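Peer 1: take this sequence and fold it.
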Amino acid sequence: MNVADIGDAELNALIGKNKENVMIIDVREPYEYEIIRFKGSRLIPVRELLRGELKLEPGTIPVLVCRTGSRSMIAARNLRAAPDLTVYNLEGGIAESYWKGSGLLEYGNNAKMINNYFRVHI
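Peer 2: The predicted structure is shown next:
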């Protein structure tokens with residue numbers, strides 16, 4: 001299995017070329033998913049994802065995402081999947097896509113928490 005980083009612009013291009021085959025897998029916790037998420041993404045928290053093998057339909061292009069790209073990279077590196085599969089990790093995570101104004105995001109039921117979710121503590 002190969003792991004490759006992908007940026008927000010590259011993700012948009014990948015979806016543009018392969019919309020039917022791209023599967024965005026959100027590895028965050030359910031409460032985070034209810035704040036903001038990628039449209040059409042599938043929630044599989046990292047702890048659940050790492051318990052088993054990722055089984056995908058042939059031709060599926062998995063892209064793992066989290067808030068900043070850290071948890072999704074850990075998940076991607078430790079994932080059990082087919083040896084010929086390339087798993088993409090979204091660098092900068094949902095936070096970067098949010099700050100860049102990505103049209104691929106949607107708010108969940110806890111959208112009122114968005115300011116606290118992305119607040120940077122210095």
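Peer 1: could you check how far Tyr33 is from Ile94?
Peer 2: 10 Å (Cβ to Cβ, to the nearest Å). No exception for glycine: its C-beta is placed from N, CA and C like everyone else's.
Peer 1: neighbour count: these two, which is higher?
Peer 2: Comparing Tyr33 with Ile94 by other Cβ atoms under 10 Å, the one with more neighbours is Ile94, at 29 against 20.
Peer 1: I'd say that one and Val65 touch.
Peer 2: Yes. Taking contacts as Cβ atoms under 8 Å, Ile94 lies within contact range of Val65: 5.9 Å.
Peer 1: so what sits against both of those two?
Peer 2: Shared contacts of Ile94 and Val65 (Cβ atoms under 8 Å, 6 or more residues apart in numbering): 28, 38.
Peer 1: all strands for the protein, in order.
Peer 2: Ranges of strands within the chain are 2-6, 22-26, 36-38, 42-43, 61-65, 86-90, 105-107, based on DSSP state E.
Peer 1: redo the ones you listed as JSON lines? Include mean pLDDT and distance to Arg119.
Peer 2: What follows is the strands of the chain, written out as JSON lines (pLDDT from 0 to 100; distance: least, Cβ to Cβ, whole Å):
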{"stretch": "strand 2-6", "mean pLDDT": "96", "distance to Arg119": "25"}
{"stretch": "strand 22-26", "mean pLDDT": "98", "distance to Arg119": "20"}
{"stretch": "strand 36-38", "mean pLDDT": "97", "distance to Arg119": "13"}
{"stretch": "strand 42-43", "mean pLDDT": "97", "distance to Arg119": "23"}
{"stretch": "strand 61-65", "mean pLDDT": "98", "distance to Arg119": "19"}
{"stretch": "strand 86-90", "mean pLDDT": "97", "distance to Arg119": "20"}
{"stretch": "strand 105-107", "mean pLDDT": "96", "distance to Arg119": "17"}
